[in-house]
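K.L.:
Fold the following and give me the result.
(4 chains)
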Number of protein chains: 2
Amino acid sequence: MTLDEAWRILQERQFKRTKNRETILAFFSENDRYLTAMEVRNFMALDNPGISFDTIYRNLTTFSELGILEETELYGERHFRMQCDHGVHHHHFICTACGKTRNIAHCPMESISVNLQGYEVEGHKFEIYGKCPVCVEQ
Amino acid sequence: MTLDEAWRILQERQFKRTKNRETILAFFSENDRYLTAMEVRNFMALDNPGISFDTIYRNLTTFSELGILEETELYGERHFRMQCDHGVHHHHFICTACGKTRNIAHCPMESISVNLQGYEVEGHKFEIYGKCPVCVEQ
DNA sequence: AGATAAACAGGAACGATTACGATTACTAGT
DNA sequence: ACTAGTAATCGTAATCGTTCCTGTTTATCT
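P.N.:
Presented below is the predicted three-dimensional model:
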């Protein structure tokens, strides 16, 4: 997801173009990995020490709902990253050291043979955790 | 996992047999689904209104580390249930209404074709969420 | 430029979890 | 059974991530 695509989505839905949103999107655009609200805050505080967590969480939630960001839960915290595959369904290997991800095209739901008749499936989660090659070296 | 098996593990590791541990294990033994610390507390408070969260979390963590309980994170909260398959690797369908689970024998890691050479895999999570047949009816 | 609704800052509140010092209860050894 | 030693517990306070609230500011549209 590019910045232009993100702004196009926001403008379509009539969200305003604010300094804070620009800063948040720029940060995700430059950091291709899962980030916490605290990491976002620390970056934003460089320019704007009075930035509010309310602002950060409100925007992160909005972006996530619009499909601009992807969201997952790790160690009891929300983590966000720029949407990578233009809405195409995929899963991730997530590096537990640096947060970087690697796409996993294979979705286990496609090949699942288990009989779930009578069940109403709402969603699923498939993630692989470990160290990426760069972090393995250290 | 039966109560006897749980106590055998605890005794092997020299954990003491206390009233609180008996109550916690009995509760899990009678409730075959994922439970929160709060649900455990509410049950324990019937007999012992002064029960401390410290005691509950300490024991739940101990049981989880010993493989007596299984643990997962849902909606930002830790959930626990009695270990079901004697340590045999498996995954779960989890009912978002009642917390009951259904085992999924198929593990996506077995059939994963993606090339993760150079990566150090530490673990993975595969869960399917939805409504079980009983909850679909309501 | 003015109107208006969205977005924001600052701080308080919240829920889940953990930490702590003082007390109690289990277990082993006599 | 009694007692010492240590694990487990209680009660409470603190912590952490996240959300809520209220008054103020800002972006956008006329």
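K.L.:
Could you use CA atoms for every contact and neighbour count after this?
P.N.:
Will do.
K.L.:
Show me what counts as buried in whichever strand in chain A runs longest.
P.N.:
Using DSSP state E to define each element, chain A has its longest strand at strand A:120-131. For strand A:120-131, a neighbour-count test (16 or more other Cα atoms under 10 Å in any protein chain shown) marks A:121, A:124-131 as buried.
K.L.:
And the helix or strand of chain A with the lowest mean pLDDT, what does it pack against?
P.N.:
Of all helical and strand segments in chain A, the minimum by mean pLDDT, DSSP states H and E falls on strand A:101-104, at a mean of 91. Under the contact criterion of 3 or more Cα pairs under 8 Å, 6 or more residues apart in numbering or on different chains; DSSP states H and E, strand A:101-104 touches strand A:91-95.
K.L.:
Residues contacting the strand it packs on, please?
P.N.:
When contacts are defined by Cα atoms under 8 Å, 6 or more residues apart in numbering or on different chains, strand A:91-95 is touched by residues A:100-107, A:126-132.
K.L.:
That one pairs with which strands, parallel or anti?
P.N.:
Sheet pairing here is set by DSSP bridges, and for strand A:91-95 it gives strand A:101-104 (antiparallel), strand A:120-131 (parallel).
K.L.:
Could you see whether chain B lies near the following helix or strand past the last one?
P.N.:
The first helix or strand that comes after strand A:120-131 along the chain, using DSSP states H and E, is helix A:133-136. Yes: if you take Cα under 8 Å from any Cα of the partner chain as the test, helix A:133-136 does meet chain B, through A:133, A:136.
K.L.:
packing partners for helix A:133-136?
P.N.:
Going by 3+ Cα pairs under 8 Å, 6+ apart, helix A:133-136 lies up against no helix or strand.
K.L.:
any idea of the mean pLDDT for that helix?
P.N.:
Taken as a whole, helix A:133-136 carries a mean pLDDT of 94.
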